[in-house]
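Participant: The sequence and its predicted three-dimensional model are supplied below.
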Amino acid sequence: MSGTVRAGSYRDVLLLPFALRTFVPALLGRLSYGLLPLSLLFTVQQSTNSFATAGAAVAIFGLASLSMPYKARLVDRFSQRRVLPPLAVGCSAALVVIASTTSNLVLVAAAGLLAPPLGPSMRSNWRLLTDGSALKERAYALDAVSEECLFLGGPLLAGALISVASAPAALGCSAGLMVVGTIAMVTSPVTRHTTVAPATRHPLGPLVIPGLRRILVVIMVTASGVSLAYLCVAGVAQRAGRPGAAGYVEAAIALGSVTGGLLWARRSHTRSWSTHLGGLIAVLAAGLLAASFATNLLVLGVVMGAAGVAVAPLFVVSYLAADNVTPPHQRTEASTWINTANNLGSSAGSALAGLLIQRTTPSHGFLAGGVLLTLVAAIVWVSGVRQAGDGG
């Protein structure tokens, strides 16, 4: 039997009642995260005259944002309308203070701790919007592709604002987008129907579910391999005497991801999540192995762009798999754990890549990442065959 059947169109998704009314504000709010890293970095650097402090500020914000699953748990428990606006206002207020006064790392940490989980909340809204239809996978794909575009366009917009106005102005814009987008999203009629979940008794929440833990381990290890590849791209560009070219290669990966997400959602996939995950990770593995033989930056860009077609579909499948193994009242938090696992894996991969590039060559780093992802793909596929029918 074929593993795919025809799915509805993106137009069908956006024509769902209140879909645009909810999704457009959510995109505005999430755009703030695309602007934030660059605007925060240069705001702190200009305030302190220290790139070391500026880098520490961005790292602190990222570490504090690891609290996202617990904020998502509050959303599951008390609803988006009660939780998201106070978080957005608090985070934005901290960013405005950072932009208008001497930068304070404590305020940066506070902003990270208060950053609202807008992506997981929008995916929760998509579940409500597509309830009773076969459009959830298409909606998740649209969401993943749009988020990829935001993180492509966000730094460009931040750079333009910094050039035309100033870094604090860009940071203030990020704060404004966060508040406006969040409040506009939660006033959508869709959020009135959010079911208040029972209190989560176990401190680990959905992490006690074996199926979710397996998915998170797969995502974490895969993210390590992909992150390793990103730093190896930078290493190749540096050794070629063209460090700026790394940005073009990374843009090719992002373009591949957007293309892959759009193509993936043209079909409704019926095979198990483990089969899809294994196949998509195998595509990434093949790309990294091929990259280890790339002789110049142009070839590397083509190879990595082709591998990038698996990135957005990988997240779509991961979100769907998390939905399948967790109860409805924990799905916002479970969705957030996917992103957290990706971030943790990326950090580990970056550290590993630094060691590899320092002691050997970027090609060996690509090779190591490719071998790692090949093993992961094989393990996911084999374990999926063994566990077929158990729902996990």
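Facilitator: Ah, there it is.
Participant: could you pull out the strands for the chain?
Facilitator: 4-6, 267-269 (DSSP state E).
Participant: Going by mean pLDDT, which of the ones you listed comes out lowest?
Facilitator: Note on these: strand 4-6 shows the lowest mean pLDDT, a mean of 45.
Participant: Poorly predicted segments of the stretch 151-300 of the chain, please.
Facilitator: By pLDDT under 70, the low-scoring segments of the stretch 151-300 of the chain are 193-202, 244, 268-269.
Participant: Please repeat the previous calculation with a cut-off of 80.
Facilitator: 151-152, 155, 192-205, 231, 234-235, 238, 243-247, 250, 265-273, 295 (pLDDT under 80).
Participant: What of the stretch 1-150 of the chain?
Facilitator: In the stretch 1-150 of the chain, residues with pLDDT under 80: 1-10, 51-52, 55, 59, 62, 65, 102-103.
Participant: if I pick the residue nearest in space to the middle of the chain, what's in contact with it?
Facilitator: The centroid of the chain falls nearest to residue 339 when counting by C-alpha atoms, centre = their mean (5.4 Å). Residue 339 makes contact with 68, 119-120 under the criterion C-beta atoms under 8 Å, 6 or more residues apart in numbering. In short, each C-beta sits where N, CA and C put it, glycine included.
Participant: One more: residue 192?
Facilitator: Residue 192 sits in contact with residue 81, where contact means C-beta under 8 Å, 6+ apart.
Participant: distance of it from residue 128?
Facilitator: 10 Å (C-beta to C-beta, to the nearest Å).
Participant: And residue 221, by the same measure?
Facilitator: Taking C-beta to C-beta, one finds residue 221 at 32 Å from residue 128.
Participant: Those two: who's more crowded?
Facilitator: Neighbour totals were compared for residue 221 and residue 128, and residue 221 leads with 20 against 16 (other C-beta atoms under 10 Å).
Participant: and the more buried one, how far is that from residue 214?
Facilitator: For residue 221 relative to residue 214 (C-beta to C-beta), the value is 11 Å.
Participant: Next: residue 166.
Facilitator: Counting by C-beta to C-beta, the separation of residue 166 from residue 214 is 47 Å.
Participant: do residue 272 as well
Facilitator: Residue 272 is 13 Å from residue 214, by C-beta to C-beta.
Participant: domains of this structure?
Facilitator: 4-193, 205-386 (automatic domain parsing).
Participant: in the stretch 151-300 of the chain, which spans are helices?
Facilitator: 167-186, 210-239, 245-264, 273-291, 297-307 (DSSP state H, counting those that start in this stretch).
Participant: Of all those, which one comes closest to residue 59?
Facilitator: Closest to residue 59 of the helices of the stretch 151-300 of the chain is helix 210-239 (C-beta to C-beta; 14.9 Å).
Participant: now for that closest one, which elements pack on it?
Facilitator: helix 245-264, helix 273-291, helix 297-307, helix 311-325, helix 331-359, helix 362-386 (3 or more C-beta pairs under 8 Å, 6 or more residues apart in numbering; DSSP states H and E).
Participant: Any idea how far the shortest one is from the middle of the chain?
Facilitator: Distance of helix 297-307 from its chain centroid, counting by C-alpha atoms, centre = their mean, to the nearest Å, is 22 Å.
Participant: cool, the fourth one as well?
Facilitator: The gap between the average C-alpha position of helix 311-325 and the chain average comes to 12 Å, counting by C-alpha atoms, centre = their mean.
Participant: What residues of it count as buried?
Facilitator: 311-323, 325 (16 or more other C-beta atoms under 10 Å).
Participant: ok, of those residues, which one's closest to residue 247?
Facilitator: Taking C-beta to C-beta as the measure, residue 247 lies nearest residue 311 of the buried residues of helix 311-325, at 17.0 Å.
Participant: wait, doesn't that closest one sit right on residue 257?
Facilitator: Yes: with contact defined as C-beta atoms under 8 Å, residue 311 and residue 257 form a contacting pair (3.9 Å).
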